[in-house]
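Participant: sharing a model prediction with you, sequence too.
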Amino acid sequence: MTATIRLTAAQAMVRYIAAQKNQDGDPFLAGCWAIFGHGNVAGLGEALHAVKDSFPTWRGHNEQTMAHAAIAYAKQSGRKRAMAVTSSIGPGAANMVTAAALAHVNRLPVLLIPGDVFATRGPDPVLQQIEDFQDGTATVNDAFRPLTRYFDRITRPEQLLTALPRAFRVLTDPADCGPVCLSFCQDVQAEAFEYPESFFVPRVWRPRRIRPDEAELAEVAEIIRAARRPVIVAGGGVHYAGATGALHAFAEAHNIPVTETQAGKSALPWDHALNLGPVGVTGGAAANTVCAEADVVLGVGTRFQDFTTGSWGLFAHPGRRLISLNVAAYDAMKHGAAPLLADALVGLTELSAALDGYTAPGKTDGLKSDWFGKVDPLTAAPEDSNQLPTDMQVIGAVQRAANEDTVVICAAGTMPGELHKLWKAGRPGSYHMEYGFTCMGYEIAGAMGIKMADPARDVICFTGDGTYMMANSEMATAAMMGIAFTVVVTDNRGYGCI
């Protein structure tokens, strides 16, 4: 006879999510951000309070920004860990919709648990309920459907037995990774059920390292061997796959220059001879010159979005071939690319073996030194100390005060473009840019999430005055949690303050 334990659905959800581990044996979910109200306080609130010593709950000041903190935590963790976020129904849930879109665009895991209406429809409509005149099943939470990688509405307690494993499959899958929404009806949260005890046995979720298909690998290797001027575009997938070392070795073995997207920046140290720096609309002359002349472009873990490709005007060589090494088939097949569907680390390693003996003949002499010769004077301190600093001079001042453990974060406004071009990122993970959704309000909350994920590193948050006014309340949250980071506020005149 199967042993069971009687729990409320909320207690069962919390017990399950707290028992899920990553490949390092750590809890995959580090805890839960919450703003409690009707729809999540009596059920989830009670369940989270009961396990507060082993599965922490943190209270934010705004549902969107606390979700941003959770997303930044996952990004800085290389998607090895994530967080849950819960809200009340109605406006509390709607406040998380923007964050869901941000996580979806950036392929980042976050578990969103908004409260929902009564499944029984006893009290109907409830406070803050949106009534759809044509659909009696629709609620505010249906707004999450196109913005999440997996959506489920929990209307019975036993539905958790299938919904939760599906949710964690998405959260931990490198190809499908993204936000999950479990819309949790408020009466169901408090409803009891006899759950199998085996459901709560700790489980380890290991991300797959997909190996390249032999035919795809052979085709891609043949294309590169015929190249005279190949170039690599390194994206965020290099970081998520832990492939920065593999990229380093691949570039050196085959003498192929590397350019970096906003998400890929810091994949190679800024001063590595083969790192030509930022690419695209916010890129620099060295990288963009090589990309314009490249006959083969090898994208590694990049979505090839418009700023990276200059709306596909950057890669101008008439016979240019595009290769996309990506774990997601959706991205690997974009724009007629020759796909290499694989994990970035395994893919680069096996591609390098297939290219044994090949060294690209292209030369990039002088491009990098010429670029820094032009831009370094722009970041120097102004000669007149009474003169308002430019964005470039603010970046220079902060760079001189930073150290090798510093992580710089930004998201919206003009500063991301300046940082992409000018910030000299050393160690992997030292440059944290949310430039998929480039969402105002991410930076301060994101800095908090970074510090929680990587407490030993200094965090410097660049933010515009508009974003600061939107999200400065989370600085109080950080202070209450004992989290310290530096905020640099700039306005549209280039004035900066710390």
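Facilitator: Thanks, I have it.

Participant: what's the separation between the closest residue in space to L325 that isn't next to it in sequence and C291?
Facilitator: For L325, ignoring the flanking residues on the chain, the nearest one in space by C-beta to C-beta, 6 or more residues apart in numbering is L340 at 4.3 Å. In short, each C-beta sits where N, CA and C put it, glycine included. Distance, L340 to C291, by C-beta to C-beta, to the nearest Å: 19 Å.

Participant: and G78, by the same measure?
Facilitator: For G78 relative to C291 (C-beta to C-beta), the value is 26 Å.

Participant: these two - which one has more neighbours?
Facilitator: C291 (26 against 16; other C-beta atoms under 10 Å).

Participant: where exactly do the strands run in the stretch 51-200 of the chain?
Facilitator: With strands called from DSSP state E, counting those that start in this stretch, the stretch 51-200 of the chain shows them at 57-59, 82-87, 110-116, 150-154, 179-185, 192-196.

Participant: would CSV of those with mean pLDDT, mean neighbour count and distance to G362 be doable?
Facilitator: Shown next, in CSV, are these (pLDDT from 0 to 100; neighbours: other C-beta atoms under 10 Å; distance: least, C-beta to C-beta, whole Å):
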stretch, mean pLDDT, mean neighbour count, distance to G362
strand 57-59, 96, 17, 50
strand 82-87, 98, 29, 40
strand 110-116, 98, 28, 41
strand 150-154, 98, 20, 44
strand 179-185, 98, 28, 40
strand 192-196, 98, 16, 60
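
Participant: so the residue nearest to I154 when sequence neighbours are not counted bridges to which residues?
Facilitator: In this structure, I154 finds its nearest non-sequential neighbour in F184, 4.9 Å apart by C-beta to C-beta, 6+ apart. As for beta bridges, F184 partners with G115, I154 under DSSP bridges.

Participant: F184 touches A42, doesn't it?
Facilitator: No. The criterion here is C-beta atoms under 8 Å, and F184 misses it with A42 at 11.7 Å.

Participant: which ones are touching H432?
Facilitator: Residues in contact with H432 (C-beta atoms under 8 Å, 6 or more residues apart in numbering) are A72, K75, Q76, V407, V408, I409, G446, I450.

Participant: just checking, the fifth one is part of a strand?
Facilitator: Yes. Secondary structure of V408, determined by DSSP: H, G, I helix; E, B strand; the rest coil: located in a strand.

Participant: contacts only, for it.
Facilitator: So V408 contacts V398, A402, L419, W423, A425, S430, Y431, H432, I460, F462 (C-beta under 8 Å, 6+ apart).

Participant: for those residues, which one is nearest L7?
Facilitator: Relative to L7, the closest of the contacts of V408 is H432; by C-beta to C-beta it sits at 38.1 Å.

Participant: tell me the secondary structure at the closest one.
Facilitator: Once three-state DSSP is applied, H432 turns out strand.

Participant: now do it against P361, distance only.
Facilitator: H432 is 36 Å from P361, by C-beta to C-beta.

Participant: do V180 as well
Facilitator: V180 is 47 Å from P361, by C-beta to C-beta.

Participant: would you list every one of the strands in the stretch 301-450 of the chain?
Facilitator: Under DSSP E, counting those that start in this stretch, the stretch 301-450 of the chain gives strands at 321-326, 338-341, 407-410, 431-433.

Participant: re earlier: of the contacts of H432, closest to L325?
Facilitator: Among those, and counting by C-beta to C-beta, the member closest to L325 is K75, at 20.4 Å.

Participant: before we move on, the earlier item: export the strands of the stretch 301-450 of the chain to TSV and tack on mean pLDDT and distance to R156?
Facilitator: Listed next are these as TSV, based on pLDDT from 0 to 100; distance: least, C-beta to C-beta, whole Å:
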stretch	mean pLDDT	distance to R156
strand 321-326	98	38
strand 338-341	98	38
strand 407-410	98	41
strand 431-433	98	40
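
Participant: so which of these is nearest T486?
Facilitator: When these are ranked by proximity to T486 (C-beta to C-beta), strand 407-410 comes first, at 9.7 Å.

Participant: now stretch 405-412: how far from the chain's centre is it?
Facilitator: 13 Å (C-alpha atoms, centre = their mean, to the nearest Å).

Participant: same question for stretch 396-415.
Facilitator: For stretch 396-415 - counting by C-alpha atoms, centre = their mean - the centre lies 18 Å from the chain centre.

Participant: ends of that stretch, how far apart?
Facilitator: The first residue of stretch 396-415 is 13 Å away from its last residue (C-alpha to C-alpha, to the nearest Å).

Participant: tell me the contacts of P230?
Facilitator: Residues in contact with P230 (C-beta under 8 Å, 6+ apart) are I224, H254, I256, A294, D295, V296, V297, L298, A360, G362.

Participant: what is the burial count for the fifth one?
Facilitator: This means D295. 18.

Participant: do the second one as well
Facilitator: As a burial measure, H254 scores 22 neighbours (other C-beta under 10 Å).
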